[in-house]
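Chemist: coordinates for the following, if possible.
(2 chains)
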Amino acid sequence: MSARRRAGLTHRPQFRFACLAGPGAVFIVVALLLPLLSIVVFSFWRTQSYELYADWNLNNYRSLLSEPAYRIFFLRSLATAALVSLVCLAFGWPVSYFIAKHGGRYRLLLVLLLAAPFFTGVILRVTALQGLFGPIGLVNMALAVFGIGPVGVLMYTPFAAGLGLVYLFIPFMVTAIYLSLVNFNFELLEVAKINGARPWRAFVEITWPLNWIGTAIGLVLVFIPCLASAVTQRFLGGPQATSFGMSIGQQFGETGTWALGSAMGVFLFLASLVVILVVRRTIDLKRSGFTGALGA
Amino acid sequence: MRGAQPRGAVIAMGALLIGLYVFLYAPIFYVIYTSFAADIVWPFPPAFSVSSYVDLFDSSLYGEALSNSLVLGLGSALLSTVLATGGAIGVLRYRSRWRGLALLLFLAPLFVADLLIGISTLAFNARVLDLPGNMYSAIAANAIPGTAFAFLIILSQLVRYDWAMDDAAMVFGAGPLRCFLEITLPIIWPCLFGAFLISFILAFNNLEISFYNLGAIPTLPSVAWGSLRFGLGPELFAMAALVNFIVFAIFAVMYVLMRYRIVQFGYRG
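Modeler: Model (predicted):
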């Protein structure tokens, strides 16, 4: 190949695109998609005394669908994830809006302050929540000072687990909406005001639809980990909160039934996929205001 | 810009933000408070002692766990940021028929729970590649969601970047690398820093992915997990408190830099 031809090749947008995005794309395929494919394969295999055997069968899926306990765990995780996502949405929106619009030069700091609790591990933070809400925790001790008995709903209940999940995942929601709002042109609201729209109407017709992609990403970012969550329920939820994720962890840990665990993982993945596709249907790229920049 | 909403709404939103900070930091302060308590199981009423810090520095396990967590976090953040920067610039700047696919691949990890990444990489490493738990697998596995988050952050910040500046530099003879280092990087570094920081935080304290990939190598979260059987060690509270002191110090420095406009961190306006 002559030097001129090579120069021509390196100047081609296709070549540059491949050099820039290629490594990451290959990494995702190798590190994420191949392992996912391997658990799809294992889900049709059989485990016996901690070893995987490649005789193809559907027994894992059969026991997954017929065992009522798994169904209860899954439905419980599904309901928890949906509720937690909605609570995060309701509280996340006004907070992100405030940071994006009124945060001024401290915007980045305000957002990073939401991420800083992640420097303390999940287990320690959940234990600390337990310490705050538990029977001998700060909240109940404080209430006892005022002569109010311990609040039972905060101790080892599904509600406490839900509160713990909101605690862990609301920063994701706020960050996703914030990232959308910093690209939102707030002058559009001035235009709406000049044309006589009241603030609420301007929000419903302009701000909300133009930031729906960020909001949808936020919903997915909260929903997916909540659907799979195990640690929070284990510490805060008590006996009534055993989740699907806890059950999967058990298959790969204590019981060593990897094939059944793989089948449960595949089921979890498919459930997440359904949710993502439903959310994807609500996204209208033409109305999002994102295509202008991406198509440029 | 102001005045599009009534004042009351702004104050209510600000109050909600403060309420969220209180909610988020109450357990953190609880951890710091407990690290100084004489008895971590019954921390009230207060009785102070520094014995957990003495134990922390006497034990070698926690230092090892911290350094492993740091290596894991830095390695994974570096990998994530480099891959995501390339991906975001490629997707935004060049028209290609593979652009949609690249976008989907880079965002795909956001739609897979940590637990699933953990168990699937464990199954793949152990049964297909026949690898025992090791640091490299853990760095790579943690970089999966890290890349997606970094990509999302960089993409959303670069959407408004004006690539004509780079084209101008190229016209005057700058190569792609020089152009990136002298034109693009000085402008976009705050968002790369943000992406690096977020992917570092996610990997540093990750439990579910690291747990399945590290085998017997201790990190801070896995030590916490392991010590649960006997109740959390007071050293863990002391360690978390120290990490938080460093984080608060960094934030205080950032605040001063922003307050006196020494570094703008990408804010223009």
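Chemist: now the helices: where do they sit in chain B?
Modeler: B:7-35, B:51-58, B:60-93, B:99-107, B:114-123, B:135-158, B:164-171, B:176-179, B:185-204, B:208-213, B:220-227, B:234-259 (DSSP state H).
Chemist: low-confidence stretches in the chain?
Modeler: Answering for chain A, as no chain was given. A:1-11, A:49, A:135-137, A:149-153, A:285-296 (pLDDT under 70).
Chemist: switch to chain B, please.
Modeler: Using pLDDT under 70, the flagged stretches of chain B are B:1-5, B:40-47, B:229-232, B:264-269.
Chemist: swap the cut-off to 50 and go again
Modeler: Chain B contains residues with pLDDT under 50 at B:1-4, B:269.
Chemist: what are the buried residues along the helix or strand harbouring A:Leu52?
Modeler: Of the helices and strands defined by DSSP states H and E, A:Leu52 is found in strand A:51-53. Within strand A:51-53, the residues scored as buried using 16 or more other CB atoms under 10 Å in any protein chain shown are A:Leu52. (Glycine included, C-beta is placed from N, CA and C.)
Chemist: ok, now which ones touch A:Arg16?
Modeler: A:Thr10, B:Gly90, B:Arg93, B:Tyr94, B:Pro176 (CB atoms under 8 Å, 6 or more residues apart in numbering or on different chains).
Chemist: can you verify my assumption that B:Ser96 contacts A:Phe15?
Modeler: No: in this structure, B:Ser96 is not within contact of A:Phe15 by CB atoms under 8 Å, at 9.7 Å.
Chemist: so between the two, which is more surrounded?
Modeler: B:Ser96 (19 against 15; other CB atoms under 10 Å in any protein chain shown).
Chemist: show me what contacts the closest residue to the more buried one other than its chain neighbours?
Modeler: Spatial nearest neighbour of B:Ser96, excluding adjacent residues (CB to CB, 6 or more residues apart in numbering or on different chains): A:Phe17 at 4.2 Å. By CB under 8 Å, 6+ apart, the contact list for A:Phe17 reads B:Gly90, B:Tyr94, B:Ser96, B:Trp98, B:Arg99, B:Ala102.
Chemist: in three-state terms, label A:Phe17 for me.
Modeler: helix (DSSP: H, G, I helix; E, B strand; the rest coil).
Chemist: and for A:Tyr156?
Modeler: coil.
Chemist: if I pick the residue nearest to it when sequence neighbours are not counted, what's in contact with it?
Modeler: Leaving aside its sequence neighbours, A:Tyr156 sits nearest to A:Gly238 (CB to CB, 6+ apart; 3.0 Å). Neighbouring residues of A:Gly238 by CB under 8 Å, 6+ apart: A:Met155, A:Tyr156, A:Thr157, A:Pro158, A:Ala160, A:Ala161.
Chemist: surely the second one and A:Phe235 touch.
Modeler: Right, A:Tyr156. No: here A:Tyr156 does not reach A:Phe235: they are 9.0 Å apart, not a contact under CB under 8 Å.
Chemist: can you report how many residues lie near the residue in the stretch 151-296 of chain A positioned nearest to chain B?
Modeler: Scanning the stretch 151-296 of chain A for proximity to chain B using CB to the nearest CB identifies A:Ala228 as nearest, at 3.3 Å. Neighbour count of A:Ala228, defined by other CB under 10 Å: 29.
Chemist: that one touches B:Ala113, doesn't it?
Modeler: Yes: contact criterion CB under 8 Å: A:Ala228 and B:Ala113 qualify, at 3.3 Å.
Chemist: name the nearest residue to A:Arg234, sequence neighbours excluded.
Modeler: Counting by CB to CB, 6+ apart, the residue nearest A:Arg234 is A:Met246, at 5.9 Å.
Chemist: how about that neighbour, what does it touch?
Modeler: A:Phe73, A:Ala230, A:Gln233, A:Arg234.
Chemist: spatially nearest residue to residue 165 (excluding sequence neighbours)?
Modeler: Since no chain was named, I'll use chain A. A:Val84 is the one closest to A:Leu165 (CB to CB, 6+ apart), at 4.6 Å.
Chemist: correction: the question concerned chain B.
Modeler: Using CB to CB, 6+ apart, the closest residue to B:Met165 is B:Ile183 (5.5 Å).
Chemist: next one: B:Val256
Modeler: With CB to CB, 6+ apart, the residue lying closest to B:Val256 is B:Ile262, at 7.7 Å.
Chemist: same question, B:Gly226
Modeler: B:Pro218 (7.5 Å).
Chemist: then A:Phe269?
Modeler: B:Leu116 (6.0 Å).
Chemist: next, count neighbours for residue 173.
Modeler: No chain was given, so I picked chain A. Neighbour count for A:Met173, taken as other CB under 10 Å: 30.
Chemist: you looked at the wrong chain, it should be chain B
Modeler: The number of residues packed near B:Gly173 is 8, by other CB under 10 Å.
Chemist: circling back to that earlier point, just checking, the residue nearest to B:Gly226 touches B:Ala65?
Modeler: Yes: contact criterion CB under 8 Å: B:Pro218 and B:Ala65 qualify, at 4.4 Å.
Chemist: how about the residue nearest to B:Met165, what does it touch?
Modeler: B:Ile183 makes contacts with B:Met165, B:Asp166, B:Ala169, B:Ala174, as judged by CB under 8 Å, 6+ apart.
Chemist: distance of it relative to chain A?
Modeler: 16 Å (CB to the nearest CB, to the nearest Å).
Chemist: out of the contacts of A:Arg16, which comes closest to A:Trp200?
Modeler: The closest of the contacts of A:Arg16 to A:Trp200 turns out to be B:Arg93 (CB to CB; 39.1 Å).
Chemist: so what's that closest one up against?
Modeler: By CB under 8 Å, 6+ apart, the residues touching B:Arg93 are A:Arg16, A:Leu20, B:Trp163.
Chemist: longest helix of chain A?
Modeler: Ranking each helix of chain A by length (DSSP H) puts helix A:68-102 first.
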